[in-house]
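**Q** next one to model:
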Amino acid sequence: MQGTVASFNEDASGEAVLDTGRRVAFDAAAFAASGLRFLRPGQRVELDTDDAGEVVAVRIPTMHR
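**A** Presented below is the predicted three-dimensional model:
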């Protein structure tokens, strides 16, 4: 699913607003799994979830040709 970063904390946790308007929190482990170093509010992200709906990875969407 895709959304926009609403907040990013010093401990690498944060929150995104999905395109549906729902707010989804992610923890530092989900951020670390992505290999990213920083997110900024307003940045577009893809959120990978597990079967329980918990965010397990936060990625930057890329354009494919």
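
**Q** would you map the helices across this structure?
**A** Ranges of helices within the chain are 28-32, based on DSSP state H.

**Q** tell me what the residue nearest the centre of it is bridged to.
**A** Centroid-nearest residue in the chain: V58, 3.8 Å away (criterion: CA atoms, centre = their mean). Note on V58: beta-bridge partners L47, judged by DSSP bridges.

**Q** that one and D11, how far apart?
**A** Going from V58 to D11 by CB to CB, to the nearest Å gives 14 Å. All C-beta atoms are positioned from the backbone trio N, CA, C, and that covers glycine.

**Q** next one: L36
**A** Distance from L36 to D11, by CB to CB: 14 Å.

**Q** for A28, same thing?
**A** 6 Å.

**Q** more neighbours: which of the two?
**A** Taking other CB atoms under 10 Å, A28 and D11 do not tie; A28 has more neighbours (13 against 9).

**Q** show the contacting residues for the more buried one.
**A** Counting by CB atoms under 8 Å, 6 or more residues apart in numbering, A28 touches D11, A12, S13.

**Q** chain neighbours aside, what residue packs nearest to it?
**A** Once flanking residues are discounted, A28 sits nearest to A12: 4.0 Å by CB to CB, 6 or more residues apart in numbering.

**Q** what about the closest residue to I60 other than its chain neighbours, neighbour count?
**A** Closest residue in space to I60, ignoring its immediate chain neighbours: V45 at 6.4 Å, by CB to CB, 6+ apart. Close neighbours of V45, defined as other CB under 10 Å, add up to 23.

**Q** residues near the residue nearest to A28, how many?
**A** By other CB under 10 Å, neighbour count at A12 equals 19.

**Q** per-residue confidence for it?
**A** If you check A12, the pLDDT there is 95.

**Q** look up phi and psi at it.
**A** phi 70, psi 10 (degrees, to the nearest 10).

**Q** how close does it get to R22?
**A** From A12 to R22 the distance is 22 Å (CB to CB).

**Q** returning to that earlier point: residues in contact with the residue nearest to the centre of the chain?
**A** Neighbours of V58 in contact, by CB under 8 Å, 6+ apart: 14, 16, 26, 30-31, 33-34, 36, 39, 45-48.

**Q** if anything else comes up later, I'll come back, but that's it for now.
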